[in-house]
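Enquirer: All I have is the shape, not the residue letters:
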Ligand SMILES: Cc1cc2c(cc1C)N(C[C@H](O)[C@H](O)[C@H](O)COP(=O)(O)OP(=O)(O)OC[C@H]1O[C@@H](n3cnc4c(N)ncnc43)[C@H](O)[C@@H]1O)c1[nH]c(=O)[nH]c(=O)c1N2
Ligand SMILES: CCCCC(=O)C(=O)O
Ligand SMILES: [Mn+2]
């Protein structure tokens, strides 16, 4: 278990190194203060804080490039930091070193409304972008619950509730500006390119999507945008058991209904949401739906889905048509992590994140539920079930080693079941430090060796976020 891993301090961070960093980014953009280092040594996961030796705030690509070159020269670990909302310990400085916080680079560089794309610097967050786009009729749909930086979302290949319709970061990034370990700056699709499709050579863009800071620092992302749908309808309904809710999801997708969102919440999660977000939903396994499209088309879609729900023993729809009601519902869904933690005051989240082919989803969900019941632990389940992706959020007290072990065992078995069913140990949160052993099982020794070769080619000294993704 990685909860108690030891803090390693890089002996290479000398006072003259600190002075060199100050000379690049300015004195006020460098800190070795304990509070700042602690704050940058963890994300929102259960992994214990491992502070870097020094934190530097970059204000330009040039800053990033020069800092990388300096770290590379001295062999100092370099950990990119977006907004620290990751869930797999990606920013924890397991070997000490320099944390490069890129959140100050907050410019939205361009919006090409007619081409449905935009370019943003590394510190721009998804909420900032969507507020900026409000009057254009466009939006960026990828929505992890946190207001993460968009480049951080590229780094973890994030998704969220809208992925069933709009895809994940992988499908929505056209080009990335990346600073490599030795300070070189590349544009993964070529400078200024922003086409919907390309067959030009290797897909470098997607090499960096999901690379978790181990291959380079993403300083700019060119992203695809979507038109805001003419009509949006949300609805919830509940089911007698988990199986019928998940069966309904599979059938809705098999019917080819272009759902924008299908989210599963088990009865424990609904109870948590009711209490934390002041909803009054029936405490039972439930689905939250959202339909996007033209008014006329939606009527037909909602009718078909309502029929499938009924056939599986589900309840009538409870509609959320007006904007406030709808926003309240989805805000509750996005805040579910905190709602689940409130079930056990003082607890911290231990999250899981498996994804399987949709036809195997009922099996993995039902088997996981059984394991949670048998272990006698609190394990609210939530799923982006339209993607075959779901989470259990275990609220744990880190000093309760007995529960922590049970949680870890269930979580590990869940991942093994997903792998057995042709799935992945992480649909959207990444490998970080907690799932490195599972990555070997998922990809296989040869595949992993190729990943390692790529890493060694781009980062021969191994300074980029060491101890993540690989052992
Ligand atoms: C309440 C809540 C709810 C959710 C989630 C989190 C929380 C707290 N998440 C996780 C979220 O997607 C994840 O936090 C972001 O993708 C990471 O963005 P940050 O900017 O915070 O990166 P953060 O700073 O946490 O870094 C994450 C990793 O990326 C690297 N990195 C960050 N910025 C980089 C850059 N510019 N260049 C290179 N590497 C960089 C870091 O080194 C680290 O390895 C999630 N996710 C999801 O997919 N679906 C979901 O539904 C949710 N829901
Ligand atoms: C444990 C937090 C997971 C957040 C998440 O991915 C979601 O709410 O879907
Ligand atoms: Mn999620």
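Expert: Great, that's in hand. No experiment lies behind these values; they were computed from the predicted model shown. Ligands and ions are numbered 1, 2, ... in the order given.
Enquirer: Only C-alpha atoms from now on, for both contacts and neighbour counts.
Expert: Noted.
Enquirer: got a list of what the closest residue to ligand 1 within the stretch 301-450 of the chain touches?
Expert: Minimum separation of the stretch 301-450 of the chain from ligand 1 (Cα to the nearest ligand atom) falls at residue 428, amounting to 4.1 Å. Residue 428 makes contact with 156, 157, 158, 159, 160, 353 under the criterion Cα atoms under 8 Å, 6 or more residues apart in numbering.
Enquirer: Of those, which are in range of ligand 1?
Expert: When contact is defined as Cα under 6 Å from any ligand atom, these meet ligand 1 at 156, 158, 159, 160.
Enquirer: doesn't the last one fall inside a strand?
Expert: No - following the definition DSSP: H, G, I helix; E, B strand; the rest coil, residue 160 is coil and is not counted among the residues of a strand.
Enquirer: Give me the neighbour count for it.
Expert: The local packing of residue 160 (other Cα atoms under 10 Å) involves 25 other residues.
Enquirer: That one touches residue 385, doesn't it?
Expert: No - under the criterion of Cα atoms under 8 Å, residue 160 makes no contact with residue 385, lying 10.7 Å away.
Enquirer: I'd like the ones next to ligand 1 among the contacts of residue 428 laid out as a markdown table, including distance to residue 359.
Expert: Formatted as a markdown table, those follow (distance: Cα to Cα, whole Å):
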| residue | distance to residue 359 |
| --- | --- |
| 156 | 26 |
| 158 | 23 |
| 159 | 20 |
| 160 | 20 |
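Enquirer: Run through the residues that contact residue 361.
Expert: Contacts of residue 361 by Cα under 8 Å, 6+ apart are 246, 385, 388.
Enquirer: again, but for residue 280
Expert: Here residue 280 is in contact with residue 274 (Cα under 8 Å, 6+ apart).
Enquirer: Can you pull the phi/psi pair for it?
Expert: Phi and psi for residue 280, reported as degrees, to the nearest 10, are phi -130, psi 50.
Enquirer: What residues does the stretch 351-471 of the chain have near ligand 2?
Expert: 351, 393.
Enquirer: how does it look with 8 Å?
Expert: Residues of the stretch 351-471 of the chain lying close to ligand 2 (Cα under 8 Å from any ligand atom) are 351-353, 382-384, 390-394, 428-429.
Enquirer: and of those residues, the nearest to ligand 2?
Expert: The nearest one, if we look at those relative to ligand 2 and count by Cα to the nearest ligand atom, is residue 351, at 4.1 Å.
Enquirer: Could you find the closest non-adjacent residue to the closest one?
Expert: residue 393 (4.6 Å; Cα to Cα, 6 or more residues apart in numbering).
Enquirer: May I have the secondary structure class of that neighbour?
Expert: Per three-state DSSP, residue 393 ends up strand.
Enquirer: for the protein, what's the longest helix?
Expert: Longest helix in the chain, counting residues (DSSP state H): helix 401-420.
Enquirer: mind listing what's buried in the following helix or strand past that one?
Expert: Next along the chain after helix 401-420, taking DSSP states H and E as the criterion, comes helix 436-443. For helix 436-443, a neighbour-count test (16 or more other Cα atoms under 10 Å) marks 436, 438, 439, 440, 442 as buried.
Enquirer: Specify which member of those is nearest to residue 468.
Expert: residue 436 (7.5 Å; Cα to Cα).
Enquirer: Burial check on the residue nearest to residue 351, number of neighbours?
Expert: 26.
Enquirer: How about residue 139: which residues does it bridge to?
Expert: With DSSP bridges applied, the residues forming beta bridges to residue 139 are residue 226.
Enquirer: Within range of ligand 1, give me the residues from the stretch 201-350 of the chain.
Expert: 210-220, 334-338.
Enquirer: By neighbour count, which of those residues wins?
Expert: The most crowded member of these is residue 217, carrying 34 neighbours; neighbours defined as other Cα under 10 Å.
Enquirer: what about it, distance to residue 463?
Expert: 12 Å (Cα to Cα, to the nearest Å).
Enquirer: Next: residue 415.
Expert: Counting by Cα to Cα, the gap from residue 415 to residue 463 is 29 Å.
Enquirer: Show me the strands in the stretch 251-400 of the chain, by range?
Expert: For the stretch 251-400 of the chain, the strands defined by DSSP state E, counting those that start in this stretch cover 261-265, 286-293, 318-320, 348-351, 354-355, 381-384, 389-396.
Enquirer: thinking again about what came up before, just the pLDDT for the residue of the stretch 301-450 of the chain closest to ligand 1.
Expert: For residue 428, the model assigns a pLDDT of 98.
Enquirer: And the longest helix of the chain, what's buried?
Expert: Residues of helix 401-420 classed as buried under the neighbour-count rule (16+ other Cα under 10 Å) are 403-404, 406-408, 410-412, 414-419.
Enquirer: So which residues make contact with that helix?
Expert: Identification of contacts with helix 401-420 by Cα under 8 Å, 6+ apart yields 1, 350, 352, 354-356, 364, 368, 371-372, 375, 377, 394, 396-398, 424-425, 438, 442.
Enquirer: List only buried entries from those.
Expert: 350, 352, 354-356, 364, 368, 371-372, 377, 394, 396-398, 424-425, 438, 442.
Enquirer: got the contact list for residue 170?
Expert: 154, 157, 206, 209.
Enquirer: And it, how far from residue 163?
Expert: Residue 170 is 11 Å from residue 163, where distance means Cα to Cα.
Enquirer: repeat for residue 14
Expert: 45 Å.
Enquirer: before we move on, the earlier item: most neighbours of all the contacts of residue 170, which one?
Expert: residue 154 (28 neighbours).
Enquirer: Just give me the neighbour total for residue 191.
Expert: Residue 191 has 11 neighbours, counted by other Cα under 10 Å.
Enquirer: Equivalent analysis for residue 192, please.
Expert: 12.
Enquirer: where in this structure is pLDDT low?
Expert: 1-9 (pLDDT under 70).
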